[in-house]
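Trainee: here is the input, now give the coordinates:
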Amino acid sequence: MYDLLLFNIGQLLLPASSSHPLKGEEMKHLHVIEKAALAVKDGRVAWIGQTVKGERLEALSYLDVQGKVISPGLVDPHTHFVFAGSREHELALKQAGVPYLDILASGGGILSTVKSTKNSSEDELLTKSSFHLERMISYGVTTVEGKSGYGLDRETELKQLRVMKKLQEKYPIQMVSTFLGPHAIPPAFKGESDQFLEEMISLLKEIKEQSLAEYVDIFCETGVFTVEQSKRFLEAGKKLGFGMKIHADEIDPLGGTELAVTLGATSADHLVAASEEGIKQLSTSNTVAVLLPGTTFYLGKEHYAKARKMIDGGAAVALATDFNPGSCVTENLQMIMSLAALKLNMSAEEIWNAVTINAAIAIGKEDVAGTLRIGAQADFVIWDIPNYQYLPYHFGVNHANSVFVAGKRFGGLNHEL
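Mentor: Down below sits the predicted model:
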């Protein structure tokens, strides 16, 4: 006797279940069952098959999906959703051509968000972050990574991480926390980036002892942290048992991509300016390239990450929103899927793999997210689309009909079946 049987599924998407990311040609293949059925018991996938006319398995409840598409819950492997304040007033300055460094010098940019986050209580951050998280879920995300990095000091960084831990307890979805203390260099440490980095390294043991983060991350970029500094920070985290991630080669090809591969980092993120050598090295590793086309779009840049070259060369690619108040102000991973089609020239199959199994592997959640298989947690989305190719094609709207976490419909969504 199953708890729930979903039948009359138009297409059931079953990305490959793997402990290694899908790379190159593997990303082009997506297992799809037509006229499918799915059974849930005790919050887990218990049976997968096809709808047979006149046949009905025993279940406590039944749901006619009416020919809609079901996929695993989406995975967003790069976000900054715990922050205070907003920066809409800076948009007019950007439109007027005011350089970012001038905005920063006047107290805007990331420093504005840092100030607001420092001045907010944990309860205030929890309320605001819950709003953003619930919006992500409404777009079909059931697994998400969140980074700190809007503190740039001990107490505020820990405060952000404590809020994420509370959110993990508050919501049934899968969450991963990442310590991004070296996100920028605060004004008090101007010209003293090594000293600031040492302060962030000194926090690692405390974060580990309190189980506040699973990963460490650093912004390796011109004017922020060098490749050598990034190596020092990531290796310090690795020694304490943290997974490694890196903001790499977003603006200049410094070699952050190569560093990620050398250290065995779980992911290297951004990579708009990744070098030919960096892309080549990605293809020989299991480091996932997490691409963030929404950031490139929002910043008005012309050149996007070379997803086509990466995939055709044999690398593993995932997609994420990079939701944050400065460079990508959207919780909508579906919009990112459309940008991946339009700006990264990725196929529908590659896109679905990039927001499910590869995204799960990019944050170490492949055992519990990113695919639907017998025994896995029943996190899935019912989509108001006729086929899986339709979602990247019809952009800017929410196609999620219902989001299920551990076999139960998440409240507040959307349309009745």
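Trainee: the closest residue in space to Leu240 that isn't next to it in sequence and Ser267, how far apart?
Mentor: Of all residues not flanking Leu240 in the chain, Lys208 sits nearest, at 4.9 Å (C-beta to C-beta, 6 or more residues apart in numbering). Using the backbone N, CA and C atoms, a C-beta is placed for each residue, glycine as well. Using C-beta to C-beta, to the nearest Å, Lys208 is found at 20 Å from Ser267.
Trainee: I'd like to know how many residues surround the closest residue to Ser283 other than its chain neighbours.
Mentor: Using C-beta to C-beta, 6+ apart and skipping the chain neighbours, the partner closest in space to Ser283 is Gly314 (3.7 Å). The number of residues packed near Gly314 is 16, by other C-beta atoms under 10 Å.
Trainee: pretty sure Gly314 sits in a strand.
Mentor: No - assessed with DSSP: H, G, I helix; E, B strand; the rest coil, Gly314 is coil; it does not lie in a strand.
Trainee: OK, contacts around it?
Mentor: Applying C-beta atoms under 8 Å, 6 or more residues apart in numbering to Gly314 gives the contacts Lys23, Gly24, Glu25, Ser283, Thr284.
Trainee: I'd say the second one and Ala307 touch.
Mentor: No - using C-beta atoms under 8 Å, Gly24 is not in contact with Ala307; the gap is 11.9 Å.
Trainee: these two: which is more packed in?
Mentor: Taking other C-beta under 10 Å, Gly24 and Ala307 do not tie; Ala307 has more neighbours (23 against 15).
Trainee: wait, doesn't the more buried one sit right on Ala341?
Mentor: No - counting by C-beta under 8 Å, Ala307 stays clear of Ala341, with 10.4 Å between them.
Trainee: tell me which stretches of the stretch 151-300 of the chain form helices.
Mentor: 154-170, 193-209, 227-239, 256-263, 276-283, 293-298 (DSSP state H, counting those that start in this stretch).
Trainee: distance check, Asp64 against Glu58.
Mentor: From Asp64 to Glu58 the distance is 16 Å (C-beta to C-beta).
Trainee: ok, these two, which is more surrounded?
Mentor: More crowded of Asp64 and Glu58, by other C-beta under 10 Å: Asp64, with 13 against 8.
Trainee: now the more buried one: how far from Leu57?
Mentor: 14 Å.
Trainee: and if you look at Glu276?
Mentor: 53 Å.
Trainee: those two: which is more packed in?
Mentor: Neighbours were counted for Glu276 and for Leu57 using other C-beta under 10 Å; Leu57 has more, 15 against 11.
Trainee: pretty sure that one is touching Ile48, no?
Mentor: No - Leu57 sits out of contact with Ile48 when judged by C-beta under 8 Å, with a separation of 11.5 Å.
Trainee: more neighbours: Lys208 and Ser267, which one.
Mentor: Set side by side, Lys208 and Ser267 show more neighbours around Ser267, with 31 against 17, by other C-beta under 10 Å.
Trainee: low-confidence ranges, the chain, go.
Mentor: 52-55, 101, 412-417 (pLDDT under 70).
Trainee: longest single strand anywhere in it?
Mentor: Longest strand in the chain, counting residues (DSSP state E): strand 2-14.
Trainee: C-alpha coordinates for that strand, PDB please?
Mentor: What follows is strand 2-14 as a C-alpha-only set of coordinates in PDB (Å, rounded to 0.1, in the frame of the first residue of the first chain):
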ATOM      1  CA  TYR A   2       1.600   3.300  -1.200                       C
ATOM      2  CA  ASP A   3       0.900   6.600   0.400                       C
ATOM      3  CA  LEU A   4       0.500   8.400  -2.900                       C
ATOM      4  CA  LEU A   5       0.200   7.400  -6.500                       C
ATOM      5  CA  LEU A   6       0.700  10.000  -9.300                       C
ATOM      6  CA  PHE A   7      -0.600   8.700 -12.600                       C
ATOM      7  CA  ASN A   8      -1.200  10.000 -16.100                       C
ATOM      8  CA  ILE A   9       2.100  11.800 -16.100                       C
ATOM      9  CA  GLY A  10       2.800  13.100 -19.600                       C
ATOM     10  CA  GLN A  11       6.600  13.000 -19.200                       C
ATOM     11  CA  LEU A  12       8.600  11.800 -16.100                       C
ATOM     12  CA  LEU A  13      12.200  13.200 -16.200                       C
ATOM     13  CA  LEU A  14      14.800  10.900 -14.700                       C
END
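Trainee: tell me the buried residues in stretch 332-341?
Mentor: Judged by neighbour count (16 or more other C-beta atoms under 10 Å), stretch 332-341 contains these buried residues: Asn332, Leu333, Gln334, Met335, Ile336, Met337, Ser338, Leu339, Ala340, Ala341.
Trainee: Met244 and Tyr2, how far apart?
Mentor: Applying C-beta to C-beta to Met244 and Tyr2 gives a distance of 41 Å.
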